[in-house]
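Undergrad: Sequence first, then the predicted structure, then my questions.
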Amino acid sequence: MQAYALFFLLGALNGAAATVLGAFGAHALRTRLSAGELEIWNTAVQYHYFHTLAVLAIGLACLQLDQPALRWAGGLMLAGILLFSGSLYLLSLTDWRWPGPVTPVGGALLIAGWLALAWAGFRLLTG
């Protein structure tokens, strides 16, 4: 599968998931979670959305550019969404505390995705 198609597919699925999870939090969880847990949930949804848009933009870029750093950026962001937002979703819904240390790993992957995207831009500037 071409990188652009994979990032479009996974970006679209992540957009749908973020929308469902955001609505679920706003409606079904509003009365079931504490204010702190709901804040954690909303942070997860917010980062899920932001990075979903980045994955879709990377898919668009892959249509025109053959940059390995773009593929890395998309993969790192997808992994970051899963670990960062996924661990926050679990933390807000359960009494489990083991996902807590996973959250910064996911955050680091998101940052690495942005840096890989910057590297792709740098490579374009320098030829």
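TA: Thanks, I have the structure now.

Undergrad: Leaving out sequence neighbours, find the closest residue to the residue nearest the centre of the chain.
TA: Relative to the mean C-alpha position of the chain, the nearest C-alpha, by Cα atoms, centre = their mean, is the one of I81, at 2.9 Å. Distances taken as Cβ to Cβ, 6 or more residues apart in numbering place H51 nearest to I81, at 5.1 Å, with adjacent residues excluded. All C-beta atoms are positioned from the backbone trio N, CA, C, and that covers glycine.

Undergrad: do you know how far that neighbour is from L125?
TA: With distances defined as Cβ to Cβ, to the nearest Å, the gap from H51 to L125 amounts to 24 Å.

Undergrad: Equivalent analysis for L110, please.
TA: 23 Å.

Undergrad: So which of those two has more stuff around it?
TA: Between L110 and L125, counted using other Cβ atoms under 10 Å, L110 has the larger neighbour count: 23 against 7.

Undergrad: Go ahead and confirm the more buried one touches G75.
TA: No. Taking Cβ atoms under 8 Å as the contact criterion, L110 and G75 are not neighbours in contact, 11.8 Å apart.

Undergrad: So what's the residue count around T31?
TA: In terms of burial, T31 registers 7 neighbours under the definition other Cβ under 10 Å.

Undergrad: can you give me the helices for this structure?
TA: Assigned helices in the chain, in chain order: 3-27, 35-64, 68-80, 86-93, 102-126 (criterion: DSSP state H).
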